[in-house]
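Participant: sequence? don't have it. structure:
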């Protein structure tokens, strides 16, 4: 089984498991073995799925401002966890390919494998929810048809992105692409880098 076939299967299992309770506060119950790639992928998509629904909630026009502020902080924290886990996945790939010597003419890809996998995880969520809309009985036929057209595009994108990821991994393994990883170094959560945070600390 190709890597992306495994990843897509795991992502959809995570999405289905989340929607059993459909609760952003539900605790993850990861079914995969410790230290397995599947376990990491499941955890990655669970974060994405929870954040997807947090983003829905915060867009409620009638939401209490205090609740919205707390949700924004929760989303910021989720974004940091998402970034950390993407970098962890890249570390997994670095270990996998550590004995590969790149060819002298090896190229550098615009994104690492894990950031491409991040897009695949989000795409799985888009496909799931667009499919729900395309089949929602309470919606108009026009709405369902429009959503089906969008779903068809998403499924084509899924095939293209999956092919690209599998090709990238093969190229790294063959030495045709050099894998380089850069830490994201997000600044908004860092008290030493976000002016709003460190200026506040200086005023105390």
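Facilitator: Perfect, thanks for sending it. Computed from a predicted structure; not experimentally measured.

Participant: Show the contacting residues for the residue nearest to the spatial centre of the chain.
Facilitator: Centroid-nearest residue in the chain: residue 118, 3.7 Å away (criterion: C-alpha atoms, centre = their mean). By C-beta atoms under 8 Å, 6 or more residues apart in numbering, the contact set of residue 118 is 44, 48, 82, 86. From N, CA and C alone the C-beta is placed, and that goes for glycine too.

Participant: Return the subset of these lying in strands.
Facilitator: Among these, no member falls in strands (DSSP state E).

Participant: Compare the residues you listed and tell me which is most surrounded.
Facilitator: Counting neighbours by other C-beta atoms under 10 Å, residue 44 comes out on top of the contacts of residue 118 with 25 neighbours.

Participant: Quick check: nearest residue in space to it, chain neighbours excluded?
Facilitator: residue 85 (5.0 Å; C-beta to C-beta, 6 or more residues apart in numbering).

Participant: Is the one you found in contact with residue 43, as I believe?
Facilitator: Yes: applying C-beta atoms under 8 Å, one finds residue 85 in contact with residue 43, separated by 6.4 Å.

Participant: before we move on, the earlier item: now distance to residue 174 and pLDDT too, for the contacts of residue 118, in CSV please.
Facilitator: Converted to CSV, those look like this (distance: C-beta to C-beta, whole Å; pLDDT from 0 to 100):
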residue, distance to residue 174, pLDDT
44, 26, 98
48, 30, 98
82, 30, 94
86, 24, 95
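
Participant: so which two of these are the farthest from each other?
Facilitator: 48 and 86 (10.3 Å; C-beta to C-beta).

Participant: Let me know the pLDDT of residue 188.
Facilitator: With respect to pLDDT, residue 188 scores 55.

Participant: go on, the one 3 residues further on?
Facilitator: Reading off the confidence values, residue 191 has pLDDT 65.

Participant: ditto for residue 1
Facilitator: 86.

Participant: Compute the number of surrounding residues for it.
Facilitator: 6.

Participant: Now residue 178: phi and psi?
Facilitator: phi -90, psi 120 (degrees, to the nearest 10).

Participant: Now do the same contact list for it.
Facilitator: 102, 106-108, 172.

Participant: State the distance from residue 81 to residue 178.
Facilitator: 28 Å (C-beta to C-beta, to the nearest Å).

Participant: do residue 152 as well
Facilitator: For residue 152 relative to residue 178 (C-beta to C-beta), the value is 36 Å.
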